[in-house]
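Visitor: A predicted structure for the sequence below; I have some questions about it.
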Amino acid sequence: MKILLAEDDIKLGKIIRHMIQKENHQVELVDNGRDALDFALIAPYDVIILDWMMPKLNGMQVCEHLRQHGYQGGIIFLTAKDEINDIITGLDHGADDYIVKPFKMEELLARVRALSRRKEKTFEQEIKVGNLTLYLDSLTLYRHHEKIVLTKKEYQFIEYLFRNKGRILTREQILERIWGLDSDVTDNALDALVKLVRKKIDQNQTPSLIQNVRGIGYKLRDDDV
């Protein structure tokens, strides 16, 4: 799934993002309500996780605006407010779920999984690029009816590219997405991963579907997306 996380505590936000990414979801992190609203109105997110108290716009304002403009995905509030009236207010303004700080990370991950099951019909289930189809529910890649066997990291890399087709992903973004925060993995590991994925999806065709953007990172070729 593609998830937007809005949390003004950057340290906490990075921890939450890392834990959700470990479950093979793509996560964008912003630290204020205005950016959360702007991101959500531009890109399709399956789930949005909103801190209640944020600068510029609070989570309630973001949630209400999104629902008024037809957003159908899941919304989860993170907040220190634990009064029943606050919970009711959040749900009445369009939230699907509500988690009170402090919370255990396992609880948040379980709520995300539960929300995805309840709303699975609204989520993107497959992404097509050329003659390749990525099935997000089964974590598999096919060329026509032929399955391409991928390792966990190979799948994470190709899913990240497919979900961001047309966009350049920096080496730093890819390293953090696949190996996680504070990893000491080298650029050589990413280069080796790209080489393995290209070999599996290109079938010796040139140029590769995965374009190297010199000095920056990688993207899918525009003429194939």
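Guide: Here it is on my side, so go on. Residues are numbered from 1 along each chain as shown.

Visitor: CA atoms for contacts and neighbours, from now on please.
Guide: Will do.

Visitor: So for the longest helix seen in the chain, what gets flagged as buried?
Guide: Criterion DSSP state H: the longest helix present in the chain is helix 187-202. Using 16 or more other C-alpha atoms under 10 Å as the burial criterion, the residues of helix 187-202 that qualify are Leu190, Val194, Val197, Arg198, Ile201.

Visitor: That helix - contacts with which helices or strands?
Guide: Judged by 3 or more C-alpha pairs under 8 Å, 6 or more residues apart in numbering; DSSP states H and E, the packing partners of helix 187-202 are helix 152-163, helix 171-179.

Visitor: With just CA atoms, put the one helix or strand Leu29 maps to into CSV.
Guide: Here Leu29 is covered by strand 26-30, with elements defined by DSSP states H and E. Below are the C-alpha coordinates for strand 26-30, written out as CSV (Å, rounded to 0.1, in the frame of the first residue of the first chain):
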residue,chain,number,x,y,z
GLN,A,26,5.6,2.7,0.7
VAL,A,27,5.5,5.6,3.1
GLU,A,28,5.8,9.3,2.6
LEU,A,29,6.6,11.4,5.7
VAL,A,30,5.6,15.1,6.2
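
Visitor: per the record, what domains does this structure have?
Guide: Domain segmentation of the chain under automatic domain parsing yields 2-122, 126-224.

Visitor: Highest mean neighbour count out of those domains?
Guide: Taking mean count of other C-alpha atoms under 10 Å as the contact definition, the stretch among the domains of the chain with the greatest mean neighbour count is domain 2-122, which reaches a mean of 17.

Visitor: quick one: average confidence on that one?
Guide: Averaged over domain 2-122, pLDDT sits at 85.

Visitor: Wasn't Arg167 part of a strand?
Guide: No: assessed with DSSP: H, G, I helix; E, B strand; the rest coil, Arg167 is coil; it does not lie in a strand.

Visitor: now the strands for the protein?
Guide: For the chain, the strands defined by DSSP state E occupy 2-6, 26-30, 47-51, 74-79, 97-100, 126-129, 132-135, 140-143, 146-148, 169-170, 210-213, 217-220.

Visitor: CA-only coordinates of the fourth one in CSV, if you can.
Guide: Extracted as CSV, the C-alpha positions of strand 74-79 are listed here (Å, rounded to 0.1, in the frame of the first residue of the first chain):
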residue,chain,number,x,y,z
GLY,A,74,-8.4,5.1,5.2
ILE,A,75,-7.5,7.7,7.8
ILE,A,76,-6.0,7.0,11.2
PHE,A,77,-5.5,9.7,13.9
LEU,A,78,-2.5,9.6,16.3
THR,A,79,-3.1,11.8,19.3
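
Visitor: Could you number the chain from 25 rather than 1 from now on?
Guide: Happy to do that; since the first residue is 25 now, the last one works out to strand 98-103.

Visitor: can you list the residues that contact that strand?
Guide: Judged by C-alpha atoms under 8 Å, 6 or more residues apart in numbering, the contacts made with strand 98-103 from elsewhere in the structure are 70-77, 83, 87, 114, 118-125, 139-140, 143.

Visitor: and the strands of the chain as JSON lines, adding distance to Asp208?
Guide: As requested, the strands of the chain are exported to JSON lines (distance: least, C-alpha to C-alpha, whole Å):
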{"stretch": "strand 26-30", "distance to Asp208": "25"}
{"stretch": "strand 50-54", "distance to Asp208": "21"}
{"stretch": "strand 71-75", "distance to Asp208": "29"}
{"stretch": "strand 98-103", "distance to Asp208": "31"}
{"stretch": "strand 121-124", "distance to Asp208": "33"}
{"stretch": "strand 150-153", "distance to Asp208": "31"}
{"stretch": "strand 156-159", "distance to Asp208": "29"}
{"stretch": "strand 164-167", "distance to Asp208": "28"}
{"stretch": "strand 170-172", "distance to Asp208": "29"}
{"stretch": "strand 193-194", "distance to Asp208": "17"}
{"stretch": "strand 234-237", "distance to Asp208": "22"}
{"stretch": "strand 241-244", "distance to Asp208": "18"}
